[in-house]
Each structure stands twice: as structure tokens, then as C-alpha cells.
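Student: here's a sequence, model it:
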Amino acid sequence: MRPFAYAAPGSLPAVLDALRDARPGTKILAGGTTLYDLMKLGVEAPPAVIDVHRLPELTGISVTETELVFGAGVRMADVSDHPVVSADYPALAESIWRAASQQLRNMATLGGNLLQRTRCSYFRDTDFACNKRKPGSGCDAMEGLDRHNALLGASSSCSATYAGDFAIALVAFDAVVDVAGPLGERSLALADLHVEPGENPDREHVLAADELIVRIRVPLTAVGRGSTYLKIRDRESYAFALASAAIGLVLDDGGVVTESRIALGGVATRPWRAVEAERSLLGSVLTEESARRAGEIAFAAARPGHTNGFRVELGIRTVAEAVRIAGKRAVR
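Tutor: Just a heads-up that it's a prediction; the model follows:
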């Protein structure tokens, strides 16, 4: 790890001032569960870090009549244990307690989790070419071991998978992030936060260098109560997804789907909303066939590589099973 400057401003305005004056490459430090690892590996070498984990403006969980509000500095474990989250948004709670380990969840913050970097082994090893780590250097993952590469949203420059779980559930349920910067606060849909790699895979989100997430807001709706987050991985815990799905459903008294949400994780370069798959369920009674069909539509645009094709079928089955689980929980 290279030497770096450290600052811990005591307020949000002071942090924004520090970001305005920061040298290029300066990083925000919150829980540190990802940043420290990447610094030790030499993948990240910031000249300075700005510690925000004690900022009061980033703390707290509140519940209004219309939404859940999470400070960006809230620890992941505090969300999964929250009674309103567990009752009204089981998919959110499940997306967190199925992520990482309890020790990491006790430290990791929501804002940092949303902006975590890929777990692609070529990105994390500086001996390999990686356009995300060093733009223009190439992508050894394209012709290498691609078992975990993205099936959706990849480009000729990068096929690294977005690694998070919480963002998958958030994008399914129309969450919004509030962002602070030099011009004040702005809000954007979580679905618009992350970007596909295209020709600039080093750019993973739309935030400017002098902006940071201050809170996350999730609408309280019936579709949240009939939700689930299903994650398939190589081992039962402390592993990243081979495929995951966040599903939310509302059924009428006759069991007909009146509202649906489907988002995919572990298979795309960003949190992936499957809108056409959602539409396929509307107006129908849930069956094994309709659940399977939703999965097939969700993965219709998948582009497998040399060895990751098995994850297309795995993803289809993940969606189908998650639809079945959500159907049992759905509000009528």
C-alpha cells in the first residue's frame, strides 16, 4: 500500500469543500471494506482519502407514510435487522443478509456498497490487462477464464459483472438516491446511477468526483411486501452471485398478477431491470410455465462466452423460483 493523505472533515459542507479541492484520484472512505482491499492489491492508489464514516448527515433510518429513508453511512447490518424493512421489504433485507459475512455487514455502509467495484479477477490482479483499471490496456478476461463474466450489458472493452446485491433489490423497487455536490443536492433514480461499460469501462456510475451519496429512499408499496431476493452461488455464504433475482408481486383476489418487479444480479455489468419479463406476468395467474417464461424473457439478450453459458439456464431458473416465492408472499 502506498502512502496517502488522510482527512476526516466533521460535517457534510466540510467534506464537499475537501472534495472540491481534492487531488485527482482522491477516494471517499466510509466502511473501507472494499477500498482497503483494493489499495493493498495496488488496484487503487489514491493520493488521499476523505473519511466520512462519522458524518451525522449520513446516518439514520427513518420511515414515513410513503417511503423508507436510509442514510448512506448506515451499516448494512442495521438495515437487514430493521423490523419495518423485514416486514415491508423482505427483498431488501434478504439482499443484505445474503451478502458478504456478518463481520463485513457490520462495517460496510450502504453508499459504499452501491458503489463497490467489480470482483472480476482480472481487474483485481495488476499483472493482467484491464480497461476498467487502466483504460486502453485491453481486457484479458475476454479470452481468459470467463465463468463469472457478465451475460448482459457487456461491451468489446469490458465484461466485468456488477458485484452488489442491495442495488439489485433497490433497482427493482424504484429507489432514489440523493446526492450532494458543490451545487447542492440532486436526486436520481437508482436505475440511472450505474452505467454500462461501453468504450469507457473505468466509468461505472454518473457521480462526479466532487459528489457523494447522502441518502437512499425507497417507496413503500404493496409490491415490496410480496418480494424476495434469491441468490445462487458456489457456496452457501460469503460468495458472490452466479445469478440472483429480486422479485416483487401484487396479486388480486383471483390470484392474477396486477403488479410485478424483476431485477437481475450477478449476470450483468450493472443492476439489471427486466421490464419485459415483468410485463409478461401482468394479467395472468402464476404458473410454473409463466414463471419460467419470465426468466426466459429476462435472459433473451444474454451473450454467453466460452464457459459461462450454464449461467443463462441458471439465471432463468433463479427468476422462476424467485417468482414462485414472491407469489406466496404477494399481497392480495
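Student: which residues does Leu110 contact?
Tutor: Counting by Cβ atoms under 8 Å, 6 or more residues apart in numbering, Leu110 touches 70-76, 79, 166, 216. For the C-beta atoms, the positions are set from N, CA and C on the backbone; glycine is no exception.
Student: just the buried members of the residues you listed?
Tutor: Among the contacts of Leu110, those buried by neighbour count (16 or more other Cβ atoms under 10 Å) are 70-76, 79, 166, 216.
Student: nearest to Ser156 among these?
Tutor: Using Cβ to Cβ, the shortest approach to Ser156 within those belongs to Phe166, at 29.3 Å.
Student: wait, isn't the closest one in contact with Gln116?
Tutor: No. Phe166 lies out of contact with Gln116 (Cβ atoms under 8 Å); the separation is 9.6 Å.
Student: those strands in the stretch 1-150 of the chain, which residues are they?
Tutor: All strands of the stretch 1-150 of the chain, identified by DSSP state E, counting those that start in this stretch, fall at 5-7, 27-29, 48-51, 61-63, 67-71.
Student: with mean pLDDT and distance to Arg279 added, can I get the ones you listed in CSV?
Tutor: Shown next, in CSV, are these (pLDDT from 0 to 100; distance: least, Cβ to Cβ, whole Å):
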stretch, mean pLDDT, distance to Arg279
strand 5-7, 98, 49
strand 27-29, 98, 38
strand 48-51, 98, 43
strand 61-63, 98, 30
strand 67-71, 98, 25
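Student: mind putting these into JSON lines with distance to Arg133?
Tutor: Shown next, in JSON lines, are the strands of the stretch 1-150 of the chain (distance: least, Cβ to Cβ, whole Å):
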{"stretch": "strand 5-7", "distance to Arg133": "22"}
{"stretch": "strand 27-29", "distance to Arg133": "14"}
{"stretch": "strand 48-51", "distance to Arg133": "18"}
{"stretch": "strand 61-63", "distance to Arg133": "35"}
{"stretch": "strand 67-71", "distance to Arg133": "30"}
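Student: point to the residue nearest the middle of this structure.
Tutor: For the chain, the residue whose C-alpha lies nearest the mean C-alpha position (Cα atoms, centre = their mean) is Ala167; its distance is 2.8 Å.
Student: let me know the average pLDDT across the helix or strand where that one lies.
Tutor: Using DSSP states H and E, Ala167 maps to helix 166-172. In this model, helix 166-172 has a mean pLDDT of 99.
Student: contacts for it, please.
Tutor: Residues contacting helix 166-172 (Cβ under 8 Å, 6+ apart): 76, 89, 91-92, 94-96, 99, 110, 113-114, 190-191, 193-194, 216, 218, 227, 229, 244-248, 261-265, 271-273.
Student: could you dump that helix to CSV, C-alpha only?
Tutor: Output of helix 166-172 as CSV, limited to C-alpha atoms (Å, rounded to 0.1, in the frame of the first residue of the first chain):
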residue,chain,number,x,y,z
PHE,A,166,-28.5,-4.5,-2.3
ALA,A,167,-28.6,-2.4,-5.5
ILE,A,168,-30.4,-5.2,-7.3
ALA,A,169,-33.3,-5.1,-4.9
LEU,A,170,-33.3,-1.3,-4.9
VAL,A,171,-33.5,-1.0,-8.7
ALA,A,172,-36.4,-3.4,-8.7
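Student: next helix or strand past that helix?
Tutor: strand 176-181.
Student: now the angle between strand 67-71 and that following strand, please.
Tutor: Comparing the axes of strand 176-181 and strand 67-71 via axes from the mean of the first three to the mean of the last three Cα atoms, to 10 degrees yields an angle of 40 degrees.
Student: how far off centre is strand 176-181?
Tutor: When C-alpha coordinates are averaged (Cα atoms, centre = their mean, to the nearest Å), strand 176-181 and its chain have centres 16 Å apart.
Student: then stretch 314-323?
Tutor: Centre to centre, stretch against its chain (Cα atoms, centre = their mean), the figure for stretch 314-323 is 18 Å.
Student: try stretch 243-251
Tutor: Mean-position distance between stretch 243-251 and its chain equals 15 Å (Cα atoms, centre = their mean).
Student: re earlier: got the buried ones among the contacts of Leu110 as a markdown table, with distance to Lys132 columns?
Tutor: Conversion of the buried ones among the contacts of Leu110 to a markdown table gives the following (distance: Cβ to Cβ, whole Å):
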| residue | distance to Lys132 |
| --- | --- |
| Phe70 | 28 |
| Gly71 | 29 |
| Ala72 | 23 |
| Gly73 | 26 |
| Val74 | 28 |
| Arg75 | 27 |
| Met76 | 24 |
| Val79 | 28 |
| Phe166 | 21 |
| Ile216 | 25 |
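Student: on that earlier part again, can you select the buried ones among the contacts of helix 166-172 for me in PyMOL?
Tutor: Only the buried entries of those go into this PyMOL selection, using 16+ other Cβ under 10 Å:
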select buried, resi 76+89+91+92+94+95+96+99+110+113+114+190+191+193+194+216+218+227+229+244+245+246+247+248+261+262+263+264+265+271+272+273
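Student: which of the contacts of helix 166-172 fall in helices?
Tutor: Those of the contacts of helix 166-172 mapping onto helices are 76, 91-92, 94-96, 110, 113-114, per DSSP state H.
Student: and those, which is closest to Gly138?
Tutor: Distances from Gly138 to the ones in helices among the contacts of helix 166-172, taken by Cβ to Cβ, are shortest for Leu114, at 28.1 Å.
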